[in-house]
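J.: Here you go, sequence then predicted model.
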Amino acid sequence: AEYMGITNCQEATALSILKKHDWNLEVALNTYWENPAVQDKKAAKLDRKQLDKFFNTYKDDDSAIRVNGMVKFCEDLGVDPADPVMLILSWHLSAETACVYTKAEFYTGMEKLDVDSLVSLQARLPQLRAELQNMSIFEQVLRRATRHSAHPFQ
């Protein structure tokens, strides 16, 4: 149940991956997040028009959500920009630059999270926060955040 709560995957997927890794939650979670091939194929269920509207609400230009859009995004999401949940979200989106989500990063990451709107992302926040309790995921998020701190805002 914990695995399914964190990954939002189907029970069959959770059982298969957990069994394969001798019920080691941390290793199973790493396998799930690092190997898209083992993840449930949920993206097809997402409403692409809704995802377009979601991105377009916050984009600062055609290619990215930047600082101004990010401030509005955090306000609407109901989180402080410094909230650690934003680090885990950036990690899921594979954001290469701090405070910037390119269109490709946003779409790929939101599809991976099975999110196509602000409301569906707000519903995922508790699961994203729970992921920070996993030491392996936390270390990956921290490494990405540390790498971002070396880059100036764009």
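T.: On my side now, so go ahead. Residues are numbered from 1 along each chain as shown.

J.: going forward, measure contacts between C-alpha atoms and count neighbours the same way
T.: Fine.

J.: Surely Ala95 and Lys103 touch.
T.: No. At 10.2 Å, Ala95 does not count as touching Lys103 under the criterion of CA atoms under 8 Å.

J.: Which of the two has more residues huddled nearby?
T.: Neighbours per residue, other CA atoms under 10 Å: of Ala95 and Lys103, the larger number sits with Ala95, 21 against 18.

J.: in the chain, what residue sits furthest out from the centroid?
T.: Asp22 (26.0 Å; CA atoms, centre = their mean).

J.: Find the helix or strand that it is a member of.
T.: Using DSSP states H and E, Asp22 sits in no helix or strand.

J.: Over to the one 10 residues further on?
T.: Assigned by DSSP H and E, Tyr32 falls within helix 25-34.

J.: And stretch 121-129, how far out from the chain middle?
T.: Offset of stretch 121-129 from its chain centre (CA atoms, centre = their mean, to the nearest Å): 9 Å.

J.: Assumed Ala82 was part of a strand.
T.: No. Using DSSP: H, G, I helix; E, B strand; the rest coil, the assignment for Ala82 is coil, not a strand.

J.: measure the nearest residue to Ile6 once chain neighbours are set aside to Met4 for me?
T.: Take Ile6 and drop its neighbours on the chain: the residue closest to it by CA to CA, 6 or more residues apart in numbering is Gln127, 5.1 Å away. The spacing between Gln127 and Met4, counted by CA to CA, to the nearest Å, is 10 Å.

J.: and if you look at Arg124?
T.: For Arg124, the distance to Met4 - CA to CA - is 12 Å.

J.: would you list every one of the strands in the protein?
T.: Applying DSSP state E to the chain gives strands spanning 64-65, 101-102.

J.: Flag the shaky bits of this protein, pLDDT-wise.
T.: 1, 5, 8, 36-45, 148-154 (pLDDT under 70).

J.: For burial, what's the neighbour tally of Val119?
T.: Count around Val119 with other CA under 10 Å applied: 12.

J.: Look up how far Phe73 lies from it.
T.: For Val119 relative to Phe73 (CA to CA), the value is 12 Å.

J.: I am finished for the moment; much appreciated.
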